[in-house]
Every structure is written in C-alpha cells, then in structure tokens.
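# coords please:
(one chain, ligands or ions: 1)
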Amino acid sequence: MSSSDHPAVLVVGAGPAGLITALALNKNGVPTRIIERRESFHGGIRGTFIQPRSIELLASLGVLDEVLKISVPPYTIGVHGAGKEILSEMKWAEEADESPGTPYRCGFNVNQSVFERVLREQLEKQSIAVETDVDLVGIERSASVARACLLVDGIQREEEFDYIVAADGAKELTFEWRRSSMLDGYFWLVLNIAWKVALVHKGLAYPSLLDTYEVERVPVIAEMLAMTSNLHKLAFASSSSVSALGEHNADVSAGQKVDHMFRPKTGLQLGVNCRWSPIVLDRRDTGAGQATLVQNPYGRDSDVLRAGDRAPDAPGLLEQPGGREARLFTVTAGCTQHAVLVFSGAAPAEDVKAAIVGLDRYRRGGIASVVVIAPQGSVMPACAGAQVFIDGAGHAYGGYQIDPRSLVFVVVRPDGIIGAFATGLEQMHKYFSAILL
Ligand SMILES: Cc1cc2nc3c(=O)[nH]c(=O)nc-3n(C[C@H](O)[C@H](O)[C@H](O)COP(=O)(O)OP(=O)(O)OC[C@H]3O[C@@H](n4cnc5c(N)ncnc54)[C@H](O)[C@@H]3O)c2cc1C
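Numbering: from 1, shown residues only. The predicted model follows:
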C-alpha cells in the first residue's frame, strides 16, 4: 500500500529494463527512484536489436518517436571468406507475415548505450534522474515495507520502499523482491509488472496480484532460454538438425533447420502469450477445445485468438462523430489503463449504452477506458462515457475474430495482452473482480 513519506518503488539498475520500468511506473503515477551501482553509464553497443513486439510497447509508452531517431533498419549479416570477400548475405531476422494487426513486421537495430541515453532523457523530462554510484547491498522485508540497504559514496544507509524492483541484469543480486529483466527485449514483462504494482500501490488491488507476474512470466522465460540455448547449439554445431524453436518448430522448414544463422519468426515475440494465467478469462464458445490452452508461450498453437494473447492492432477505425481515422493501437496506448472494447455487433444502441453504464465504475475509477467498435458499414451514435468508432476497414472484427452479429467485450490490458473475451457484463465483472479489491 502507498505511504506518503517514501517513494513507493526503488528500481535497482539502469539498464534498459530498469529505465523502462521507471518510465512505466512513473507513467502509472507511482513515485519511483532508480539507482545504478556504476559511477558512469555503460558504453558500447551490447544488445542491438529491438523486436516488433517491443516496438509496439515502446509506442504505447510514448517513447518510440525518440527511439526511431537513433535506430537503423535491420542489418544484413555478411559471411566473409578468408580474403574478407562476402560469400553470402542473410537477413538479421525473418519478417512477420503481412497483417493489418501487425504494424511492425520487422525489428530495427539500435546501439544499446544510445538507447539507454534516450530513455534516461525521457525520464529526466519527467523529473527522474538515475542516481549513480548507489549500490543495493541488502533488503530486509517486513509486512508493510521493504528496507533497502544502500551503499552511497561508500557509506551504508537504510531506506524504506513499498516495493523494490530488481532490474539488475538477472545476475548480480542474490536476493530478489520483484525482478524484471530485459532478456532480449522483454518490455512486455516490464509493462506487466508496472500496471500491477500501480494498482496495488493505489490500493485498488490485493498485493497477491503481483504473484501473477511470476505465473505469467516463468513459462515465457523458460521457453526463451530453451530457444537461445538451441540457437547457441546451432551456432557451434551447424551440421546438427537442432531447431532454434525447440519443440515448437512449425515455422521452420526442413532446409532451415540446419542453417545456424536462421532466426525463426517466433523470435519476433508477436506470439508470446500467457493463456494459462489465472487472471485472464475467455468465455466464448470458440469450439477450439482445451487443446488451445496447452502452454506454448512463444506462439499460438491454433489460429483462434484467445485471452492471454497479444492484442492485435486494427487500422482504419473511424471515430464517431466526425469520421477521423485512427488505429486501435493509438486508441489503447498509454500502458496505464485497461481498455474495454465493446464490439457492438448488431446490438441496438440502447443495449450498447446500457453496457457502457455497466462499465462506468471501472472508467470512473481510472481502471479502464471504454471503446465502442461498431461493424463496418453500420451506424452508431456518440455514447457518453465511451469513445465510439466504426470499424471502417473491417480489421477490428476480422483481427479479433468477432461475429459482427454479436455483442462481445474484449479487455486489452495496459501491457497489450488480451485480458478477457466476454459475452456479457457479468463476465466483465468477473474479470475485474479477479484483479481488483
Ligand atoms: C559484451 C556484451 C554483448 C552483448 N551483445 C548483445 C547483443 O548483440 N544482442 C543482445 O540482444 N544482447 C546483447 N547483450 C545482452 C544485453 O546487453 C542485455 O540483454 C541487456 O543489457 C539486459 O538489460 P537489463 O536492463 O536487464 O540488464 P543490464 O543492462 O545488465 O542492466 C543492469 C544494471 O543494473 C546494475 N546493477 C546491478 N546490480 C546492482 C545493484 N545491486 N545496485 C545498483 N545497480 C545494480 C548494473 O550495473 C547494470 O547497469 C550483450 C551483453 C554484453 C555484456
């Protein structure tokens, strides 16, 4: 719970994970400090590639424009012969399939130290400076606070926080409170913990909501480690037929399995999901059966979109009244609130308005915005308490696989995950009651 006499959160480590955590928490209105044990910031290139899923989340966080200024299109990799001649060139990564739901089909390259500088500048604009030469050397926990033991200019002192987020590169602290680590661009995990900490800090959710971070994170990280281990094996045993995808190798053809430089589309992270999470809810009868619930953290195992999947984009929305064109990602951006998408289908406007009234407590409480999306070619008047759009190009109903005759609610979480597919207000309340006090 929040307390007024100390910043709510201490972020430990000013690498990409720590900086994005601090940005996301601050955006969520959580007073945050960020410390870095080094006297000066890292130099050098280190991590260079930002995946499409991470680009989407940088856009939602509002920092993409600045990052794009320092990024370059994906490098090609040249294979050089003994005389340094280029024998062959290959792509850095595969592109995602073309789809209206995927605005960024390929990642880009950026020098990590420059990327971190841009993130620090964004933080400074919000009056948060990274405190360098401050080392977290211990944590004492009590029921209400975390007491951090900090080494500042060689002098040890204790300070209290509600939460300590260890963004220390997942290697240096032997203790942990809540850990977030970048691990090849896992901005999703950072934004995942940020909205949960914010709700708990504001007294709107039980602290146990934070436990769902681990539940959602661990299978994804395990799969990522398996994938990178396989890539490593491939690089050092290129004649092997080990798949970089481990057991989920549907997008690797037989020929590509032996190419040690091949990077499968799965690595773009667009399929990363948490369908198994106890706080996602799917109440539609999709006919897909239990098979779709089998854990496959890096990719959907069917074409059916489910709760726990990445929420796709939908361009071509026409705002009502006026007809201004917008894309869904812009409407749901911000990383701070849920968005309840009310796919109005063939429901009469009065039913839609009643649904909006039913969602009012979440809107007024700052938990969720409400967005009505009416089918292509239909008419929907302005509704108090909601933004209203016509699905001008049909991409919202198509991408979210909604029958245009049905009234369906889709919850998009602040971290860009589909929290719920629901067919009635009762189910919506069930979703929110699982995360709110
Ligand atoms: C030489 C090298 C080359 C790399 N090349 C690539 C690459 O080509 N592609 C790629 O994707 N990735 C690469 N990486 C990995 C990439 O740099 C990491 O994935 C990324 O830095 C992880 O970000 P992070 O924020 O989780 O952790 P880090 O960047 O490690 O940041 C953690 C920060 O926490 C600080 N810290 C730790 N403990 C404490 C404490 N107790 N108190 C205060 N501060 C603390 C550390 O000083 C550090 O600055 C490379 C890494 C290295 C070292």
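# just the element for Val197, please.
helix 187-201 (DSSP states H and E).
# my bad, Glu319
Assigned by DSSP H and E, Glu319 falls in strand 317-320.
# C-terminal to that strand, what's the next element?
strand 325-326.
# quick one: contacts of the next helix or strand after that next one?
With elements assigned by DSSP H and E, the helix or strand that comes after strand 325-326 is helix 328-332. Residues from elsewhere that reach helix 328-332 (CB atoms under 8 Å, 6 or more residues apart in numbering): 56, 59-60, 103, 311-315, 317, 339, 341, 369, 371, 387, 389, 396, 412, 416. Just so you know, the C-beta spots here come from the backbone N, C-alpha and C atoms, and that holds for glycine as well.
# please point out which parts of helix 328-332 sit buried.
Neighbour-count burial for helix 328-332 flags Leu328, Phe329, Val331, Thr332 (criterion: 16 or more other CB atoms under 10 Å).
# of these, which is the nearest to Leu87?
Phe329 (40.5 Å; CB to CB).
# pLDDT score for that closest one?
You'll see Phe329 listed with a pLDDT of 98.
# roughly how far apart are it and Gly47?
Phe329 is 24 Å from Gly47, where distance means CB to CB, to the nearest Å.
# quick revisit: which helices and strands does the strand holding Glu319 pack with?
Packing partners of strand 317-320 (3 or more CB pairs under 8 Å, 6 or more residues apart in numbering; DSSP states H and E): strand 325-326, strand 387-391.
# so can I have a markdown table of the ones you listed showing distance to the ligand and mean pLDDT?
Listed next are the helices and strands packed on strand 317-320 as a markdown table, based on distance: least, CB to the nearest ligand atom, whole Å; pLDDT from 0 to 100:
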| stretch | distance to the ligand | mean pLDDT |
| --- | --- | --- |
| strand 325-326 | 33 | 98 |
| strand 387-391 | 35 | 98 |
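# per-residue pLDDT, the residue of the stretch 201-350 of the chain found nearest the ligand?
Using CB to the nearest ligand atom, Thr228 is the residue of the stretch 201-350 of the chain that sits closest to the ligand, at 9.6 Å. Looking at Thr228, its pLDDT reads 83.
# angle of whatever helix or strand it lives in against helix 187-201?
Thr228 is located in helix 211-236, with elements delineated by DSSP H and E. Orientation of helix 211-236 against helix 187-201 (axes from the mean of the first three to the mean of the last three CA atoms, to 10 degrees) gives an angle of 170 degrees.
# so which elements touch the next helix or strand along the chain from helix 211-236?
For helix 211-236, the following helix or strand on the C-terminal side (DSSP H and E) is strand 281-282. In this structure, strand 281-282 makes packing contacts with strand 418-422, helix 425-433, judged by 3+ CB pairs under 8 Å, 6+ apart.
# ok, which of those comes nearest the ligand?
strand 418-422 (25.7 Å).
# and for that closest one, what are the contacting residues?
Counting by CB under 8 Å, 6+ apart, 279-284, 305-311, 338, 408-413, 427-428, 430-431 sit against strand 418-422.
# so what's the most centrally placed residue in the chain up against?
Centroid check for the chain by CA atoms, centre = their mean gives Trp188 as the closest residue, at 2.6 Å. For Trp188, the contacting residues are Arg53, Ser54, Leu57, Gln269, Val272, Asp415, Gly416, Ile417, by CB under 8 Å, 6+ apart.
# take these and write them to a markdown table, including pLDDT.
Converted to a markdown table, those look like this (pLDDT from 0 to 100):
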| residue | pLDDT |
| --- | --- |
| Arg53 | 94 |
| Ser54 | 94 |
| Leu57 | 95 |
| Gln269 | 90 |
| Val272 | 93 |
| Asp415 | 96 |
| Gly416 | 97 |
| Ile417 | 97 |
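# about what we covered before: wait, does the helix holding Val197 contact the ligand?
No - Helix 187-201 lies apart from the ligand when judged by CB under 6 Å from any ligand atom; the minimum separation is 9.0 Å.
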